[in-house]
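# generate a structure from the sequence data that follows.
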Amino acid sequence: MSALRTHDDSWDIATSVGTTAVMVAAARAVETDKTDPLIRDPFAKVLVTQAGTGVWENLLDDSLVAKVESFDPEAAAVFQHMRSYQAVRTHFFDAHFAAAVAAGIRQVVILASGLDSRAFRLDWPAGTTVYEIDQPKVLEYKAATLASHGAAPSADRREVAIDLRQDWPTALIGAGFDPTTPTAWLAEGLLMYLPADAQDKLFTQITQLSAAGSRVAAETAANHADERRQEMRARMERVATELGIERGPDIQDLIYHDENRAEVVDWLNDHGWRAVSQNSRDEMRRLNRWVDGVPMGDDKDAFSQFVTAERQ
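Prediction:
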């Protein structure tokens, strides 16, 4: 557990875990501007530029990778990988929701939704309700920013402003959630910020709220040795110094590195779900978004898994 995290810490979009949502949105914005994007998020750029974090706006700079490559090719590959990974991850979980609504599911819950704009950018069938759960200040920022740009959700979007470490199931039901109706759940960019026991508790709560036919998708926490984490910390500090930019929060300080964390696919299969997983490295290769030169690129176990499951 990082010294920067406590059991009752909180954040807005410009601090702590909240800033990681800005990083992810920046990657989506870069992908959207490509000539052959995997995903399109027309709201990502404005959500980044108005967040007030400063540092993550650098990811929007098309010349960033070239600048870093001039003095550290491996670090440049890391930046390129981060952008491509987020595009592939978004594409994968967009498909999860597309399959769910095609199967008739009309109740969606996005856990720790951050700056996720799926309630606005996806083509939801009539009658779909999308619940977004996150810290109050994060939801306030997203709603206000998108409203100021005239964005309207394409589904019945309902905010559930609560920390996932609190009694979020009661708050979710209070917002209109029906536990007797099949639900499509998403835990994307979340599990690594939870201790191992909190991860188990989260999936227990999801299971209790899931009618037969419900679906869940999750991104697992990648596993890196401490030596590797220290190496990347030093490398990113050097990059910030060379470019003359703010270092920004160290994501490694926000993550729980629990060795006893359950394998999500196994946990789900043992608790009434039929689950499968796809290695993120393999998915990047399948979609032609793999970046050569990424550290540990030959170690499949060093990359996260994308897990999907259906409630039996």
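
# any idea which residue sits dead centre in this protein?
Nearest to the mean C-alpha position of the chain, counting by Cα atoms, centre = their mean, stands Gly189 at 2.8 Å.

# does it touch Ala112 like I think?
Yes. At 7.1 Å, Gly189 and Ala112 qualify as touching, with contact defined as Cβ atoms under 8 Å. (Glycine included, C-beta is placed from N, CA and C.)

# anything in contact with each of these two?
With contacts defined as Cβ atoms under 8 Å, 6 or more residues apart in numbering, no residue is shared by Gly189 and Ala112.

# which residues of the stretch 51-200 of the chain score low on pLDDT?
For the stretch 51-200 of the chain, applying pLDDT under 70 flags the ranges 51-61.

# would you map the strands across it?
107-111, 129-134, 156-161, 184-187 (DSSP state E, counting those that start in this stretch).

# tally of neighbours for the closest residue in space to His149 that isn't next to it in sequence?
Excluding its sequence neighbours, the residue lying closest to His149 (Cβ to Cβ, 6 or more residues apart in numbering) is Val46, at 5.8 Å. Residues lying near Val46 (other Cβ atoms under 10 Å) number 17.

# for Val46, grab phi and psi.
phi -70, psi -30 (degrees, to the nearest 10).

# mind listing the strands for the stretch 201-312 of the chain?
215-219, 273-279, 305-311.

# on that earlier part again, got the contact list for the residue nearest to the centre of the chain?
Gly189 touches 20-21, 24, 89, 112, 114, 219, counting by Cβ under 8 Å, 6+ apart.

# go on, Gln278?
So Gln278 contacts 92, 305-308 (Cβ under 8 Å, 6+ apart).

# only alpha carbons, please: show stretch 41-53 as CSV.
Extracted in CSV, the C-alpha atoms of stretch 41-53 (Å, rounded to 0.1, in the frame of the first residue of the first chain):
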residue,chain,number,x,y,z
ASP,A,41,-14.5,10.4,-28.0
PRO,A,42,-15.4,14.0,-29.1
PHE,A,43,-15.6,15.0,-25.4
ALA,A,44,-12.2,13.9,-24.3
LYS,A,45,-10.1,16.9,-25.2
VAL,A,46,-12.3,19.5,-23.5
LEU,A,47,-12.5,17.4,-20.4
VAL,A,48,-8.7,17.4,-20.3
THR,A,49,-8.0,21.0,-21.2
GLN,A,50,-10.4,22.3,-18.5
ALA,A,51,-9.3,20.0,-15.7
GLY,A,52,-6.6,22.3,-14.4
THR,A,53,-4.0,19.6,-14.0
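
# how far away from the center of its chain is it?
16 Å (Cα atoms, centre = their mean, to the nearest Å).

# stretch 40-48 too?
15 Å.

# in that stretch, which residues are buried?
Neighbour counts over stretch 40-48 (16 or more other Cβ atoms under 10 Å) mark 41, 43-48 as buried.
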